[in-house]
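A.B. asks: Can you look at this prediction? I've put the sequence above it.
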Amino acid sequence: MTKKSYDWEKGAELGEHSKRKLKILREYFFRYLTVKCGNPLQSSFRLAVVDGFSGAGRYKTGVSGSPLIFIEELQKAYQNINVRRAVQRLKPITFDCILFFNDVDASAIELLKINLAPLIIDIKEKNSGLNIKIRYSNCIFEQRYRYIKEEIKKLKIQNVIFNLDQYGYTHVTKEIIIDIMNSFKSVEILFTFMIGGFLQYASPSDIPKIQKNLDRIGISYEDLNAIRDIIDKKEWLGAAEKLIFDVFKECSTFFTPFSINHKDGYKYWLMHFANNYRARQEYNNVLHNNALHQAHFGRSGLNMLSYNSEDEGMLYLFDEEDRKVARGQLYDDIPNYINQNGGATQLREFYTKIFNNTPAHSDDIHKAIIENPDIEVITKAGGLRQKYNTIRADDYIRLKEQKSFFYFFTRKT
């Protein structure tokens, strides 16, 4: 029998790591909807949301869990987007959304239905263009996934977002993640993963069971055990991040392996999978809006996991001080990248190549480009960009013909 991770009937306690994770989920989902509905010619938006470990939707303190967050942000985004469109004298956009809420705990699903009922009634009364359908299920996610996948495909929905907030590290296999990312045209996954805690107390008799579970995600016990000695140090975050990145990077084109920043250590991860650079770009930006909620150990420039732990590795907490360090590294990294790639490239191609290997905010990348004396940005029409916030994906970035004196001392060949 699967162990209950929360006692929803008595009131689930909201831990600090969950509080931080839910804040990021709320802000990213709203941003996701805003970006997806940014085309002024768009008249409708269809979306499927899969919450594989939904819980009952509300914690003991009254704070909304992920199911309520998804519906609350759908309503908020729908209203905000259509107010903006009305100001621009554009026709309103309609939302057609189907949400799959699954949990292995049957009592959690019954409570979820009760918690969602008032919100669904309110939406039907106030938002005629926001159409929401809900599918509830009480099952092990691994068993339910195939059914959910087939229903989404039958409905021909292209935009899909999965929230896989598992308890621990054994309930979602690497194969499922790969299958999700290969099954839909526009899909993203927010994936919770706990790593490291079991190593502190594991006895020799535990190892076969641990390895059996780790096999489901492609991590070896030996690799984890190799970093056991530094598990209470910040350097463990860098070692674990490299390990996780190597394991999961093949699952999607873009993968964010950052840990929840917590006083008790960095063993709890909220990761993001996407196949489009814009999704990774927006996720990075949301993390910076939640400075100190997530953590990265390594470089903050274009090669975040390529560092010498003795002199280059540092804790990056996405705050303003760390962003200053990032801009300094980007100032050197970007012209070196361009130099190694023929001296010029389109920004869209540049984003595609670099965003899987940087925690940096897109504004910091653009500022490092504009402020660098050895780089220029050329518009599609042949003009010269002067401001960082006007840079577009169809612009071109290139090294200037006349290099600065500094360039010759910093470039890498």
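C.D. replies: That came through fine.

A.B. asks: Tell me, how many residues neighbour residue 382?
C.D. replies: When neighbours are counted by other Cβ atoms under 10 Å, residue 382 registers 7. Every C-beta, even on glycine, is put in place using the N, C-alpha and C of the backbone.

A.B. asks: Would you mind measuring from it to residue 395?
C.D. replies: 11 Å (Cβ to Cβ, to the nearest Å).

A.B. asks: residues contacting residue 106?
C.D. replies: Counting by Cβ atoms under 8 Å, 6 or more residues apart in numbering, residue 106 touches residue 138.

A.B. asks: mind starting the numbering at 54 from now?
C.D. replies: Sounds good: first residue 54 from here, last item residue 159.

A.B. asks: per-residue confidence averaged over the helix or strand containing residue 86?
C.D. replies: Residue 86 is located in helix 69-89, with elements delineated by DSSP states H and E. Helix 69-89 shows a mean pLDDT of 90.

A.B. asks: Now do stretch 375-389, average pLDDT.
C.D. replies: Rounded mean pLDDT across stretch 375-389 is 84.

A.B. asks: How far off centre is that stretch?
C.D. replies: What separates the centre of stretch 375-389 from the centre of its chain is 22 Å, taken as Cα atoms, centre = their mean, to the nearest Å.

A.B. asks: swap in stretch 306-316?
C.D. replies: Worked out by Cα atoms, centre = their mean, stretch 306-316 lies 8 Å from the chain centre.

A.B. asks: Show me what counts as buried in it.
C.D. replies: Residues of stretch 306-316 classed as buried by neighbour count (16 or more other Cβ atoms under 10 Å): 306, 307, 308, 309, 310, 311, 312, 313, 314, 315.

A.B. asks: which residues does the second one contact?
C.D. replies: I take that to be residue 307. Neighbouring residues of residue 307 by Cβ under 8 Å, 6+ apart: 325, 326, 327, 328, 329, 330, 332, 333, 408, 409.

A.B. asks: Just the ones of these in helices?
C.D. replies: In helices, judged by DSSP state H, the following of those are found: 330, 332, 333.

A.B. asks: which residue sits closest to residue 301, ignoring its sequence neighbours?
C.D. replies: residue 308 (5.5 Å; Cβ to Cβ, 6 or more residues apart in numbering).

A.B. asks: One more: residue 430?
C.D. replies: Nearest one to residue 430, counting by Cβ to Cβ, 6+ apart, is residue 438 at 3.9 Å.

A.B. asks: Roughly how far does that neighbour sit from residue 453?
C.D. replies: 13 Å.

A.B. asks: neighbour count winner among those two?
C.D. replies: Between residue 438 and residue 453, counted using other Cβ under 10 Å, residue 438 has the larger neighbour count: 20 against 14.

A.B. asks: related to what we said a few turns ago, check the buried residues of stretch 306-316 against residue 390 and report the nearest one.
C.D. replies: Checking the buried residues of stretch 306-316 against residue 390 by Cβ to Cβ gives residue 307 as the nearest, at 17.2 Å.

A.B. asks: hmm, back to that, run through who's touching the helix holding residue 86.
C.D. replies: 98, 100, 116-119, 122-123, 125-127, 129-131, 133-134, 212, 214, 216, 218, 241, 243, 245, 313-315, 321, 323, 331-332, 335-336, 338-340, 342-343, 346-347.

A.B. asks: Name the next helix or strand following it along the chain.
C.D. replies: Downstream of helix 69-89, the first helix or strand assigned by DSSP H and E is strand 97-104.

A.B. asks: what's that next one packed up against?
C.D. replies: The contact analysis (3 or more Cβ pairs under 8 Å, 6 or more residues apart in numbering; DSSP states H and E) places strand 97-104 against helix 69-89, helix 119-140, strand 147-155, helix 194-207, strand 212-217.

A.B. asks: which one of those is the most hemmed in?
C.D. replies: Here the criterion is mean neighbour count by mean count of other Cβ atoms under 10 Å, and of the helices and strands packed on strand 97-104 the winner is strand 212-217, at a mean of 23.

A.B. asks: Could you check the angle the helix or strand following that one makes with helix 194-207?
C.D. replies: Using DSSP H and E, the helix or strand that follows strand 212-217 in sequence is helix 227-236. With axes from the mean of the first three to the mean of the last three Cα atoms, to 10 degrees as the basis, helix 227-236 and helix 194-207 are set at 10 degrees to each other.

A.B. asks: what packs against helix 227-236?
C.D. replies: Looks like helix 227-236 contacts helix 194-207, strand 239-247, helix 288-301, strand 321-327 (3+ Cβ pairs under 8 Å, 6+ apart).

A.B. asks: low-confidence ranges in the stretch 54-203 of the chain?
C.D. replies: With pLDDT under 70 as the threshold, the stretch 54-203 of the chain has low-confidence stretches at 54-58.

A.B. asks: try the stretch 354-466 of the chain
C.D. replies: 357-371, 455-466.

A.B. asks: the domain parsing of this structure - what is it?
C.D. replies: With domains defined by automatic domain parsing, the chain comprises 69-351, 373-463.

A.B. asks: which one of the ones you listed lies closest to residue 59?
C.D. replies: The nearest among those, by Cβ to Cβ, is domain 69-351 at 6.1 Å.

A.B. asks: closest to residue 108 among the buried residues of stretch 306-316?
C.D. replies: For the buried residues of stretch 306-316, the nearest to residue 108 is residue 313 (17.7 Å; Cβ to Cβ).

A.B. asks: partners of that closest one in the sheet?
C.D. replies: Per DSSP bridges, the residues bridged to residue 313 are residue 347.
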